[in-house]
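Chemist: next comes the sequence, and after it the predicted model I'd like to discuss.
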Amino acid sequence: MNRPFSAKDHLPAQLFSVAQIRELDRQTIAAQGDDGFTLMHEAATSALSVLQHHWVDARKITVIAGPGNNGGDAFILAALAFECGIRVRVFTLGDLTKQTSAAQKALNMAVQTGISIERLSTASDLSGDVLVDGLLGTGLSSEPRDEFAQAIAAINAADIPVLALDVPSGLNADSGVVYGPVVKADVTITFIGVKRGLLTASGPDVCGALELAELSVIDSAHANIVADAERISWARLHDEMRGLAPRRGNAHKGHFGHVLVIGGESGFGGAAMMAVEAAGRIGAGLVSCATRPEHVPALLTRRPEVMALGVNSGLELAPAIQRATILAIGPGLGQTSWSELLLQQVLGAQQPVVLDADALNLLASPGWHCEFSERVAVLTPHPGEAARMLGMTVTEVQTDRFASARLLAQRYQAVVVLKGQGSLIADPSGRVALCTDGNPGMSCGGMGDVLTGVIAALLAQGLNAWDAACLGVCCHSAAADVAVADAGVRGLLATDLMPILRELIN
Ligand SMILES: NC(=O)C1=CN([C@@H]2O[C@H](COP(=O)(O)OP(=O)(O)OC[C@H]3O[C@@H](n4cnc5c(N)ncnc54)[C@H](OP(=O)(O)O)[C@@H]3O)[C@@H](O)[C@H]2O)[C@H](O)CC1
Ligand SMILES: [K+]
């Protein structure tokens with residue numbers, strides 16, 4: 001099996017907010033005592049080498065330069081490219097009278113080389129081997145204004161490879177949200193640090209291959225800037241061996257915990273089954289399942305290893321809870337009075353608990369609020385469940401996924417996994433990790449149930465809530481990456497992951 005390699009593993013772990021990057025930039029420029037032109041020149045130099053690395057024989061490039069320092073980067077890149085024999089055309093946009101002094105110097109540098117510099121118009125011929133997007137960077141403040149929106153549409157319509165400088169124009173580099181038109185880049189060279197929005201929400205869809213040029217800025221620690229989030233992936237965690245200890249010969253099943261999965265309201269028995277199977281495949285010593293009696297025969301047929309208990313009321317659940325070391329409630333739980341009785345039993349227990357799906361929807365409903373400061377807990381909402389739990393719309397949750405994940409972890413005093421592209425793990429202290437594994441094939445029924453079982457099994461084997469959530473999310477997503485590597489994204493089924501989970505965790 002090809003070991004999954006997250007396409008982002010060449011990047012450092014630190015992820016910064018835009019404000020942090022701009023502060024680093026400001027402090028560096030102040031230390032350098034110039035207007036930022038030195039840093040801009042360094043950015044452009046590294047951008048040109050990235051261009052020549054990806055498009056070795058580029059002979060003709062078109063550069064789109066905006067009115068800010070992102071445009072400044074583009075002007076210098078144009079001048080440098082021209083000086084090494086590449087044919088260059090530059091199109092500018094926006095009010096150049098607002099340029100910073102560094103950007104003005106950059107424009108003059110391009111003018112002095114004799115490059116043709118024209119205002120971008122609908123008639124502009126955007127041709128060449130590579131198109132450089134220097135329109136908007138971290139200064140984007142809202143939906144691109146009309147002439148910028150038109151320019152972005154023209155860039156995408158030009159149908160030639162695009163190198164985006166710092167950020168694909170139109171993408172909010174802080175949240176990964178796009179408000180409207182956005183450049184779809186083949187390669188993005190980002191400067192100083194990886195902005196957190198490049199790796200979550202829509203960021204990965206529009207960045208293409210992501211490169212980092214750290215430039216000679218002051219060290220973030222020196223500027224007492226602590227990275228806003230950390231990037232994790234299966235490959236990275238695997239290398240750091242933040243995984244499970246190897247198994248000793250005289251082990252027995254009691255060493256590896258006993259997971260009790262609670263769920264499977266009438267008609268949703270499959271969800272509980274998938275969580276059960278995933279927990280077994282990740283190595284829980286024992287797995288039990290409390291579900292509607294009608295699902296027990298099917299469950300035992302599929303997985304005779306599981307201890308299946310048909311329950312009609314919460315009271316029947318009590319003995320099963322007593323025997324378990326880890327509880328996982330939610331897969332197919334439903335929101336009926338049966339569901340509520342079971343949730344009440346679980347909330348009254350002490351074991352570490354994973355709450356997913358309808359357990360979260362119930363928690364979000366009035367009269368249910370509770371918090372887990374005295375208990376090991378992992379909550380695994382998708383944006384819709386997160387929205388209900390926060391009393392927000394999904395759009396609001398997605399507008400700043402980092403804030404939403406932190407808010408949930410704070411409010412519930414638990415480790416929270418906010419699923420989606422670039423899944424986030426947050427803990428009550430505000431710590432956030434971003435997983436760069438995974439693919440769109442995962443948005444299919446059952447994937448969440450599998451993740452619930454994975455995380456529960458890692459808790460059962462002794463990992464703390466943070467490590468179980470991080471390792472579980474990466475293992476689950478990496479398994480999906482392996483599954484689609486051969487057969488493609490469409491038609492991935494949650495149960496396809498089962499054998500791969502076992503291989504990865506070993
Ligand atoms: N900070 C760094 O790490 C480095 C930054 N460099 C490069 O500089 C940009 C950031 O430059 P900045 O000038 O702050 O901002 P931008 O160039 O991204 O854009 C600002 C201009 O764009 C206009 N703008 C903003 N939002 C919109 C919009 N929605 N529609 C249209 N136009 C917009 C804005 O005008 P306003 O009137 O809106 O203020 C500005 O004119 C960074 O991305 C790097 O590429 C350094 O060169 C290297 C280090
Ligand atoms: K850009």
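Modeler: Structure's in. What do you need? Ligands and ions are numbered 1, 2, ... in the order given.
Chemist: same for the helix or strand containing residue 20, what does it pack against?
Modeler: Element membership for residue 20 (DSSP states H and E) is helix 18-32. Contact partners of helix 18-32 among helices and strands, from 3 or more Cβ pairs under 8 Å, 6 or more residues apart in numbering; DSSP states H and E: helix 37-54. Bear in mind the C-beta positions are built from the backbone N, C-alpha and C, glycine included.
Chemist: do whatever helix or strand comes next after the helix it packs on and ligand 1 meet?
Modeler: For helix 37-54, the succeeding helix or strand toward the C-terminus, using DSSP H and E, is strand 60-65. No. Remark: strand 60-65 sits outside contact range of ligand 1, by Cβ under 6 Å from any ligand atom, the gap being at least 9.4 Å.
Chemist: can you give me the angle strand 60-65 makes with helix 37-54?
Modeler: An angle of 140 degrees separates the directions of strand 60-65 and helix 37-54 when computed by axes from the mean of the first three to the mean of the last three Cα atoms, to 10 degrees.
Chemist: and strand 60-65, which strands flank it?
Modeler: strand 87-92 (parallel), strand 130-134 (parallel) (DSSP bridges).
Chemist: following the chain past it, name the next helix or strand.
Modeler: Later in the chain than strand 60-65, the nearest helix or strand by DSSP H and E is helix 69-83.
Chemist: pull out the buried positions in that following helix.
Modeler: Along helix 69-83, the positions that meet the burial threshold by neighbour count (16 or more other Cβ atoms under 10 Å) are 69-82.
Chemist: just give the number of residues close to residue 12.
Modeler: Residue 12: 12 surrounding residues under other Cβ atoms under 10 Å.
Chemist: tell me how far it lies from residue 236.
Modeler: From residue 12 over to residue 236 the distance is 10 Å, taken as Cβ to Cβ, to the nearest Å.
Chemist: what do you get for residue 113?
Modeler: Looking at residue 113 against residue 236, where the rule is Cβ to Cβ, the gap reads 42 Å.
Chemist: who has more neighbours, the two?
Modeler: Here residue 113 and residue 236 are compared on neighbour count by other Cβ under 10 Å; more neighbours surround residue 236, at 20 against 14.
Chemist: after the longest helix along the chain, heading C-terminal, what element do we hit next?
Modeler: Counting by DSSP state H, the longest helix found in the chain is helix 465-487. Scanning the chain past helix 465-487 towards its C-terminal end, the next helix or strand to appear is helix 497-505 (assignment: DSSP H and E).
Chemist: quick one: that next one to helix 465-487, angle?
Modeler: Computed by the same axes, to 10 degrees, the angle separating helix 497-505 from helix 465-487 equals 120 degrees.
Chemist: what does helix 497-505 rub up against?
Modeler: The contact list for helix 497-505, computed with Cβ atoms under 8 Å, 6 or more residues apart in numbering, reads 1, 4, 234, 243-244, 277-278, 281-283, 447, 450, 454, 475-476, 478-480, 482-483.
Chemist: do the same with stretch 403-414
Modeler: Looking at what lies outside stretch 403-414 - Cβ under 8 Å, 6+ apart - the contacts are 363, 370-373, 377-379, 381, 383, 386, 389-390, 392, 396-398, 415-416, 418, 424-428, 430, 432, 465.
Chemist: strands - which of those land there?
Modeler: Judged by DSSP state E, the subset of the contacts of stretch 403-414 located in strands is 377-379, 415-416, 418, 424-426, 432.
Chemist: and the closest residue to ligand 1 within the stretch 351-500 of the chain, how many neighbours does it have?
Modeler: Scanning the stretch 351-500 of the chain for proximity to ligand 1 using Cβ to the nearest ligand atom identifies residue 399 as nearest, at 15.5 Å. Taking other Cβ under 10 Å as the neighbour definition, residue 399 ends up with a count of 17.
Chemist: what do you get for residue 463?
Modeler: Applying other Cβ under 10 Å, we find 20 other residues in the vicinity of residue 463.
Chemist: tell me the secondary structure at it.
Modeler: coil (DSSP: H, G, I helix; E, B strand; the rest coil).
Chemist: that one reaches residue 244, doesn't it?
Modeler: Yes. With the criterion set as Cβ atoms under 8 Å, residue 463 and residue 244 qualify as a contacting pair; they are 7.3 Å apart.
Chemist: got a list of what residue 207 touches?
Modeler: Taking Cβ under 8 Å, 6+ apart as the criterion, residue 207 is in contact with 164, 168, 171, 185, 188, 198.
Chemist: next, the first one: secondary structure please.
Modeler: Going by three-state DSSP, the secondary structure assigned to residue 164 is strand.
Chemist: beta partners for it?
Modeler: Under DSSP bridges, the beta-bridge partners of residue 164 are residue 133, residue 188.
Chemist: tell me the pLDDT at it?
Modeler: With respect to pLDDT, residue 164 scores 98.
Chemist: that one and residue 367, how far apart?
Modeler: Noted for residue 164: a distance of 49 Å to residue 367, by Cβ to Cβ.
Chemist: looking at the two, which has the bigger crowd around it?
Modeler: When residue 164 is set against residue 367 and neighbours are counted by other Cβ under 10 Å, the residue ahead is residue 164, at 33 against 6.
Chemist: is it true that that one touches residue 184?
Modeler: No. Using Cβ under 8 Å, residue 164 makes no contact with residue 184, being 9.0 Å away.
Chemist: ok, so what distance separates the residue lying closest to residue 75 once chain neighbours are set aside from ligand 1?
Modeler: In this structure, residue 75 finds its nearest non-sequential neighbour in residue 106, 3.8 Å apart by Cβ to Cβ, 6 or more residues apart in numbering. When distances are taken as Cβ to the nearest ligand atom, to the nearest Å, residue 106 and ligand 1 turn out to be 9 Å apart.
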